[in-house]
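1. Have a look at this prediction, sequence included:
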Amino acid sequence: MKIQRVLSAMAAVLLAALFIVSSSSRVSAQSTGQETDVKENETNLDTQLYLIVATNQAVTDDKLPASLDNVVKQLRAALPFKNYRLAATLINRVKNEGRLDLSWIGGPLAATAGSSSPVTPSFSQFKVRTVKLAKNSAGDSVVQMVGFNFGARIPIQTGPIAATGGFPTTNYETTGLATDISIREGEPVIVGTLNVGPSGDAIILVVSAKRTTR
């Protein structure tokens, strides 16, 4: 009887120890998961939007950033344009699962869009409803841009009336693109191509994003 009581007591102690270890493991896992969620929520992302103009006319500066070398190779293989130039580079920081909304006034995005004046402005807007980190099916880190939206008002100049010698008139035409995309972290990706102006030039949208270490 004494032996049975001793064995029962040992079994009770063992079960209690197993319960404590199991509970500690669950608490530790929950704490680790919560810490990971906090870190992800505090992560910032650096985004880059490149506006590239594709044209068959000569350009004064066709040098593009080295980070876009693979993009340029894809463009030359897929599109029938002779030259490419960088019209604008937009760098912005956004919190993980945050939004991005940017509007700006600049020079003509395409110098051949029908306007002979280099000071005729263009109006552009870049929006992303949500920028967030995620994993693809292969487990690689990707950046999702939900509600990616780019729009621009391009100046189109009409010639003067010959009979009256009147001044040229500038009209603005709207162009843009809206989509949802998922890109590999730190890898520039072509989002879309927009034709502008009577010359057939095109604006090419390239975007990249990666988490910041600062």
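-> Sure thing, it's come through. Numbering: from 1, shown residues only.
2. which non-adjacent residue is nearest Lys63?
-> For Lys63, ignoring the flanking residues on the chain, the nearest one in space by Cβ to Cβ, 6 or more residues apart in numbering is Leu86 at 7.9 Å. (Glycine included, C-beta is placed from N, CA and C.)
3. ok, Val189 touching Ile183?
-> Yes: shown here, Val189 and Ile183 form a contact pair, counting by Cβ atoms under 8 Å, at 4.6 Å.
4. The residue nearest to Lys63 sits in which helix or strand?
-> Using DSSP states H and E, Leu86 sits in strand 83-95.
5. Partner strands of the host helix or strand of Lys127, with direction?
-> Per DSSP H and E: Lys127 is located in strand 122-135. Partners of strand 122-135 in the sheet, by DSSP bridges, are strand 98-106 (antiparallel), strand 141-158 (antiparallel).
6. quick revisit: just checking, what packs against the strand holding Leu86?
-> strand 44-55, helix 69-78, strand 98-106, strand 122-135 (3 or more Cβ pairs under 8 Å, 6 or more residues apart in numbering; DSSP states H and E).
7. ranking those by burial, who's on top?
-> Per residue and on average, the most neighbours among these fall to strand 44-55, with a mean of 20 (mean count of other Cβ atoms under 10 Å).
8. so who does the residue nearest to Thr47 when sequence neighbours are not counted touch?
-> For Thr47, ignoring the flanking residues on the chain, the nearest one in space by Cβ to Cβ, 6+ apart is Ala209 at 4.4 Å. By Cβ atoms under 8 Å, 6 or more residues apart in numbering, Ala209 lies in contact with 45-48, 131, 143, 145, 183, 185-186.
9. How is this protein divided into domains?
-> 1-42, 44-211 (automatic domain parsing).
10. worst average pLDDT in these?
-> The minimum mean pLDDT among the domains of the chain belongs to domain 1-42 (a mean of 53).
11. re the thing from before, give the residues shared as contacts by Val189 and Ile183.
-> 207-208.
12. Please produce TSV containing the helices and strands packed on strand 83-95, extended by distance to Ile156.
-> Formatted as TSV, the helices and strands packed on strand 83-95 follow (distance: least, Cβ to Cβ, whole Å):
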stretch	distance to Ile156
strand 44-55	15
helix 69-78	24
strand 98-106	16
strand 122-135	11
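13. Thank you kindly, that will do.
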